[in-house]
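Enquirer: no FASTA, just this:
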Ligand SMILES: Cc1cc2nc3c(=O)[nH]c(=O)nc-3n(C[C@H](O)[C@H](O)[C@H](O)COP(=O)(O)O)c2cc1C
């Protein structure tokens, strides 16, 4: 069975809910371990070949606390051979110019360290002005917007996990 680490801050509200929903969707098809980014070390991060990293966007286009504190460690890691999927939380109506930027920032760092990113999704169905998470007509991960599209969370998570089941090793 595939082993996957899901890394996010256990003290977040909405990010935690989505992380748990993702873990539930993998039940029976992968062995999932939840890891708190607030306590993570570079060694713990490197334990997994398949990783899911979750982060909301805060402070108008920035990574939230705890992820930003881990960035200096991340920038020292060799992530060649790692397959990483990202999910990001944002508010497209409230912050249309920085929608999901946090996910985009993580993607840039992880790719620079050699990780292979998977789990890209279509930007169709979202309305915003600009996003650092955008790659052409796709986001570099799963975009979740509780504020204006919360009713889509369940179906978005399930479709994404199905896709990841094929893309993870
Ligand atoms: C002060 C503040 C700043 C925010 N800035 C952004 C932003 O720049 N871009 C964005 O997409 N969402 C932004 N958001 C929305 C959050 O990312 C969104 O509410 C998310 O669901 C919060 O997740 P959490 O409860 O796990 O922290 C902001 C929210 C707050 C309260």
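Expert: Thanks, I have it. Since we're looking at a predicted model, the values are computed, not measured.
Enquirer: packing partners for the helix ranked longest in the chain?
Expert: Scanning the chain for the helix with the most residues, using DSSP state H, yields helix 153-167. With contacts taken as 3 or more Cβ pairs under 8 Å, 6 or more residues apart in numbering; DSSP states H and E, helix 153-167 sits against helix 14-26, strand 83-89, strand 121-122, strand 142-144. For the C-beta atoms, the positions are set from N, CA and C on the backbone; glycine is no exception.
Enquirer: and the last one, what does it pack onto?
Expert: If I follow you right, that is strand 142-144. When contacts are defined as 3+ Cβ pairs under 8 Å, 6+ apart, strand 142-144 sits against strand 83-89, helix 153-167.
Enquirer: what does the protein have sitting close to the ligand?
Expert: Contact residues, the chain versus the ligand (Cβ under 6 Å from any ligand atom): 12-15, 56-61, 89-91, 95, 98-101, 146-147.
Enquirer: And the buried ones among the residues you listed, selectable in ChimeraX?
Expert: Buried subset of the residues of the chain next to the ligand, written as a ChimeraX selection, criterion 16 or more other Cβ atoms under 10 Å:
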select :12,14,15,56,57,58,61,89,90,91,95,98,99,100,101,146
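Enquirer: residue in the chain nearest to the ligand?
Expert: In the chain, the residue found nearest to the ligand is residue 90; the distance is 2.4 Å by Cβ to the nearest ligand atom.
Enquirer: Per-residue confidence, the closest residue to that residue other than its chain neighbours, what does it come out as?
Expert: Using Cβ to Cβ, 6 or more residues apart in numbering and skipping the chain neighbours, the partner closest in space to residue 90 is residue 100 (4.2 Å). Looking at residue 100, its pLDDT stands at 98.
Enquirer: Also residue 144?
Expert: 98.
Enquirer: Quote the end-to-end distance of stretch 18-38.
Expert: With Cα to Cα, to the nearest Å as the measure, stretch 18-38 spans 17 Å from end to end.
Enquirer: Quick check on the residue nearest to residue 35 when sequence neighbours are not counted: phi, psi?
Expert: Among residues not flanking residue 35 along the chain, residue 7 sits closest, at 4.7 Å (Cβ to Cβ, 6+ apart). Backbone torsions of residue 7, given as degrees, to the nearest 10, read phi -110, psi 120.
Enquirer: What count of nearby residues applies to residue 7?
Expert: 22 (other Cβ atoms under 10 Å).
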